[in-house]
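1. Pasting the sequence and the predicted coordinates here, then a few questions.
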Protein chains: 2
Amino acid sequence: MDIQAFLDLCVGQWFSQRSIYYFQQEKAESHKSELIVEWLERDHTEVFSLCQQYQINSKTTIGAQKITWDTSTDWGKPKQIGSAIIIFIPDVNKPEIGRILRKVGNSNLPAKLGNYSLGEDEALTLTLEDNNNYLEERLSFASPNLRLRTSLTKARNGFSQTAFYSEIRKLPPQAAA
Amino acid sequence: MDIQAFLDLCVGQWFSQRSIYYFQQEKAESHKSELIVEWLERDHTEVFSLCQQYQINSKTTIGAQKITWDTSTDWGKPKQIGSAIIIFIPDVNKPEIGRILRKVGNSNLPAKLGNYSLGEDEALTLTLEDNNNYLEERLSFASPNLRLRTSLTKARNGFSQTAFYSEIRKLPPQAAA
């Protein structure tokens, strides 16, 4: 599976179950969410303008993932709706590795630069780093309709949290039957 | 890191926080446990007798992991104490892959055969399969004292559960200071 095939497989609607563990508080929590993953071509307005803003030649990218989340289905917990765009800029000689640019939508926070790497075991690792935090996310498919995702957040003073997501593709009724 | 170095790093006492998700019931749970991982050389009585019982030449193994768990620290939940032995039998030409034999201690269940594979990304994948179930476990170190572990259980009729473990090494007071 090459990087484009992996990213294509991510596209769709997902039911996401997250388990999160906070090291300092020794506290575990669990959350539900709906996730929509779309693929934006590199000439899409959102990709193009983000590239322009960060002085990236959009022709060096393969496009971007747009991820939208909605926790409304998680009764009794605060509702969170949001989106993010991740642009993929493959290495010219080795497209299974490259750079990413991630921008969280509707926030004033600047986009973050990071790296991606698709391993031989068909797991995709994304890393993002700034002065204060290091984030590593690892995605793999147990089957085309079951995605597993682990994330690890490290703050300046040590690991702060790990999270694990079991994500089940929401199939249209005819496909699920 | 070669397979022996990876297995050496596993040895010790761990505080394990598990999040488990049951697909059919759409239910998530979280558990705590203490884990002791020991390394048994291939001439250790337990390894030798298990090899003999399953007609494996113990000289073709590199030894075994003995894993003991105790959930007593998880107040208000049923106490579980148990142990398992996993024997590692590397491929002659490529020691980063090989076979495993896993026997759960004090049970009458037969041992299960499976495979291991240490990836270039330094994650160890263990698989075990019988007529009814498929189990895949993936272990990696975020740091020498923080181990992450994902497990995936697939029954005949589809995926049944995923679990994620954040495991923190319990250091002796002088080392932790």
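-> Sure thing, it's come through. Residues are numbered from 1 along each chain as shown, chains lettered A, B, ... in the order given.

2. Does chain B have contacts with stretch A:107-123?
-> Yes: against chain B, stretch A:107-123 shows contacts by Cβ under 8 Å from any Cβ of the partner chain at A:117, A:119-121, A:123. Every residue, glycine included, has its C-beta placed from N, CA and C.

3. partners of the longest strand belonging to chain A, with directions?
-> Counting residues, the longest strand in chain A under DSSP state E turns out to be strand A:27-40. Strand A:27-40 has the following sheet partners, assigned by DSSP bridges: strand A:12-22 (antiparallel), strand A:63-70 (antiparallel).

4. Can I get those strands in a markdown table including distance to residue A:53?
-> Formatted as a markdown table, the strands paired with strand A:27-40 follow (distance: least, Cβ to Cβ, whole Å):
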| stretch | distance to residue A:53 |
| --- | --- |
| strand A:12-22 | 28 |
| strand A:63-70 | 13 |
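
5. Tell me which of the ones you listed approaches residue B:77 most closely.
-> Nearest to residue B:77 among these is strand A:12-22; the distance by Cβ to Cβ comes to 16.1 Å.

6. next one: the closest one to chain centre, how far?
-> The chain centroid and the centroid of strand A:12-22 are separated by 11 Å under Cα atoms, centre = their mean, to the nearest Å.

7. List buried members of the residues of stretch A:107-123 next to chain B by neighbour count.
-> Buried residues within these, counting neighbours by 16 or more other Cβ atoms under 10 Å in any protein chain shown: A:117, A:119, A:123.

8. Worst mean pLDDT among the strands paired with strand A:27-40?
-> For those, mean pLDDT drops lowest on strand A:12-22, to a mean of 93.

9. what's it in contact with?
-> A:27-37, A:69, A:73, A:147, A:160-170, B:17, B:19-21, B:26, B:28, B:30, B:164, B:166 (Cβ atoms under 8 Å, 6 or more residues apart in numbering or on different chains).

10. again, but for stretch A:25-36
-> Applying Cβ under 8 Å, 6+ apart, the contact partners of stretch A:25-36 are A:12-22, A:67-74, A:77, A:80, A:167, A:170, B:17, B:19, B:28, B:30.

11. buried stuff in it?
-> A:28-35.

12. Mean pLDDT per helix and strand in chain A: which one sits at the bottom?
-> For chain A, the helix or strand with the lowest mean confidence is helix A:173-176, at a mean of 63 (criterion: mean pLDDT, DSSP states H and E).

13. rewinding a little: and the strands paired with strand A:27-40 as a markdown table, adding mean neighbour count and distance to residue B:53?
-> As requested, the strands paired with strand A:27-40 are exported to a markdown table (neighbours: other Cβ atoms under 10 Å in any protein chain shown; distance: least, Cβ to Cβ, whole Å):
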| stretch | mean neighbour count | distance to residue B:53 |
| --- | --- | --- |
| strand A:12-22 | 20 | 38 |
| strand A:63-70 | 19 | 51 |
